[in-house]
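**Q** just need the structure, nothing else, for what follows:
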Amino acid sequence: MEVGFETRITPGDLYDYMLHHSYSSMSGLLGTMVGALMIVGFFMNMDNVLLLIVGIVVLAYLPWNLFLKSRQQALNNPAFRKPLTYLLDEEGIHVSQDDVTQMQKWEDMVKAVSTRNSIIVYTSRMNACIFPRRDMGEKSGKVIEMISTHMAPAKVKIRW
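**A** Next up, the predicted model:
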């Protein structure tokens, strides 16, 4: 069995990936907790406005920074200017653009997760294949089935 589709990675797709990646890491969660605690501290002791300001800045910094990074990366990286063709088969994931094809074996995949907008298959701790749901269309079920069949269940955290 094999399933293929074509996609063009947008700044929104990159932002979705970066948000998920950052907020599922310890530093992202810690930053959010610190910002939230500062805001709670302000409401418990209303005479320190600095806590409120710093809390808001801490909470807003990461999403705003990721938004800017995703826009910049989409504009500056030539790989995102042209469509990517993905083919998932028994061996792994084949990614093609122009005349270049790369293949990642299933056993080398780190994990697979889902967001509201994408399915993300990590090929390393920092790199991933991003499958936007809008481009998979009716093939999303088959894509999820291929991933779930070929990766260890502990590595797959995909919600329909």
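**Q** if I look at Thr7, how far off is Ser118?
**A** Thr7 sits 10 Å away from Ser118, going by Cβ to Cβ, to the nearest Å. Glycine gets a C-beta too; all of them are placed from N, C-alpha and C.
**Q** ranges for the helices of this structure?
**A** Remark: helices assigned in the chain by DSSP state H are 11-23, 26-44, 49-76, 133-136, 140-150.
**Q** for those helices, give me JSON lines that also has mean neighbour count.
**A** Shown next, in JSON lines, are the helices of the chain (neighbours: other Cβ atoms under 10 Å):
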{"stretch": "helix 11-23", "mean neighbour count": "19"}
{"stretch": "helix 26-44", "mean neighbour count": "14"}
{"stretch": "helix 49-76", "mean neighbour count": "14"}
{"stretch": "helix 133-136", "mean neighbour count": "17"}
{"stretch": "helix 140-150", "mean neighbour count": "17"}
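**Q** other residues contacting the worst-scoring helix or strand of the chain on mean pLDDT?
**A** Sorted by mean pLDDT, DSSP states H and E, the helices and strands of the chain end with helix 26-44, the least confident at a mean of 84. When contacts are defined by Cβ atoms under 8 Å, 6 or more residues apart in numbering, helix 26-44 is touched by residues 22-23, 48-49, 51-52, 54-59, 61-62.
**Q** spatially nearest residue to the most centrally placed residue in the chain (excluding sequence neighbours)?
**A** Nearest residue to the geometric centre of the chain (Cα atoms, centre = their mean): Tyr17, 2.0 Å. Excluding its sequence neighbours, the residue lying closest to Tyr17 (Cβ to Cβ, 6 or more residues apart in numbering) is Ile130, at 5.3 Å.
**Q** and if you look at Leu52?
**A** Nearest residue to Leu52 in three dimensions, chain neighbours excluded: Phe42, at 4.0 Å (Cβ to Cβ, 6+ apart).
**Q** shared neighbours, Thr7 and Ser118?
**A** Here Thr7 and Ser118 share the contacting residues 130-132, scored by Cβ under 8 Å, 6+ apart.
**Q** related to what we said a few turns ago, pLDDT for the contacts of helix 26-44 - can I get that in a markdown table?
**A** Output for these, formatted as a markdown table (pLDDT from 0 to 100):
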| residue | pLDDT |
| --- | --- |
| Ser22 | 86 |
| Tyr23 | 86 |
| Asn48 | 82 |
| Val49 | 85 |
| Leu51 | 83 |
| Leu52 | 86 |
| Val54 | 87 |
| Gly55 | 87 |
| Ile56 | 90 |
| Val57 | 90 |
| Val58 | 86 |
| Leu59 | 88 |
| Tyr61 | 88 |
| Leu62 | 86 |
